[in-house]
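Peer 1: Sequence and predicted model, in that order:
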Amino acid sequence: MREDVYEANVHHGKKNIDIASIRALLKDGIIKANLIPAFAAGFLAVMIHGLSFFENIITLLVMVVGTMLVIGGVCAINNYYDRDIDSVMKSKQNRPSIDGTFTGQQILAIGFSLTIIGLVLLFFINITTGILGLLAAFGYVVLYSIYTKRHYVSNTVIGALPGSMPPLIGWAAIDPSIHILPIAMFLMMFAWQPPHFYALAIKRSDEYSLAGVPMLPSVKGNARTQKSIVMWIVILALTPLLMFKLGIWFVVLTTILNIVWLYIALNGFKTVENYNKYAMKVFIFSLNYIIIFFVMMIVAALLI
């Protein structure tokens with residue numbers, strides 16, 4: 001049935017493969033957003049333990065490349081699996097998985113090849129890093145893409161689990177033992193994702209409904225989604241309390257950052273007549289938030 005829907009909607013015109021189409025297939029935006037926390041966590045582990053950055057730079061580079069390949073690989077596999085959904089969503093019409101740029105076989109070959117090579121690199125660093133990478137890949141492809149995305153409104157929360165793994169991978173590359181800071185970063189990433197993706201889902205609510213994807217705005221409505229956005233930002237605001245080791249200034253500045261995002265989310269309740277405008281404000285700030293947060297973390301690591 002999935003293939004029938006895809007074949008009925010896909011654009012069969014063959015397009016040339018170029019850098020832009022490869023970046024789109026591998027979702028380079030997601031890669032960048034996840035490499036920042038992965039590197040920040042690894043760099044922080046080096047600084048916390050008083051290690052030499054230059055002596056560990058090869059390990060960090062291998063970790064970054066391995067993580068990049070795994071993320072790009074599973075995103076390609078996700079693009080393959082979601083071809084039937086994407087083919088009926090207006091915002092996804094330029095994806096190379098449905099516009100004829102790549103065949104299904106090519107997408108799978110690229111996806112699995114990159115994922116396997118990336119995992120080999122992560123296992124080369126140490127067993128913990130490799131296992132975390134494997135769990136992230138399994139979580140994104142199986143738990144999220146195949147099992148929950150099409151069937152449960154909790155898909156965003158489930159998908160946040162593998163999406164929160166990069167800090168754990170980055171830290172484990174330097175220190176495989178349990179530490180409060182990578183756990184705090186994992187929780188921070190986990191709480192950040194629902195408001196980020198709920199905001200995007202509000203803007204694309206009609207598209208998700210047409211595709212039959214049970215996103216929260218499509219199933220429960222925008223008002224309920226707004227409340228969930230606020231709830232998750234409140235939870236997110238608690239995570240800096242686990243990061244006092246980075247200095248009181250870091251906790252204060254990240255708390256201010258959370259308060260600003262919470263203000264934007266709460267202020268939206270006054271403008272419910274324009275949900276798309278509200279959603280874009282929340283979404284854009286979420287992008288700035290993740291960059292500012294981890295840049296401040298790198299600065300904090302340098303000051304330790």
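Peer 2: That came through fine.
Peer 1: Isn't Ile30 up against Cys75?
Peer 2: Yes - counting by CB atoms under 8 Å, Ile30 does reach Cys75; the two are 5.9 Å apart. Every C-beta, even on glycine, is put in place using the N, C-alpha and C of the backbone.
Peer 1: Which residue of these two possesses the greater neighbour count?
Peer 2: The residue with more neighbours, out of Ile30 and Cys75, is Cys75; 25 against 16, by other CB atoms under 10 Å.
Peer 1: nearest residue to the more buried one other than its sequence neighbours?
Peer 2: Take Cys75 and drop its neighbours on the chain: the residue closest to it by CB to CB, 6 or more residues apart in numbering is Lys27, 4.0 Å away.
Peer 1: same thing with Lys245?
Peer 2: Closest to Lys245 by CB to CB, 6+ apart is Leu181, at 6.3 Å.
Peer 1: And the one you found, how far from Ile48?
Peer 2: Using CB to CB, to the nearest Å, Leu181 is found at 7 Å from Ile48.
Peer 1: Please apply the same query to Phe293.
Peer 2: Distance from Phe293 to Ile48, by CB to CB: 17 Å.
Peer 1: More neighbours: these two, which one.
Peer 2: Neighbour count, other CB under 10 Å: between Phe293 and Ile48, Phe293 has more, with 24 against 17.
Peer 1: May I have the residues that are in contact with that one?
Peer 2: 188, 254, 257 (CB atoms under 8 Å, 6 or more residues apart in numbering).
Peer 1: pLDDT for those residues - can I get that in CSV?
Peer 2: Output for those, formatted as CSV (pLDDT from 0 to 100):
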residue, pLDDT
Met188, 97
Thr254, 96
Leu257, 97
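Peer 1: so how many other residues sit close to the nearest residue to Ser154 once chain neighbours are set aside?
Peer 2: Distances taken as CB to CB, 6+ apart place Thr148 nearest to Ser154, at 6.5 Å, with adjacent residues excluded. When neighbours are counted by other CB under 10 Å, Thr148 registers 18.
Peer 1: Spit out the contact partners of Thr148.
Peer 2: Contact analysis of Thr148 by CB under 8 Å, 6+ apart lists 154-155, 158-159.
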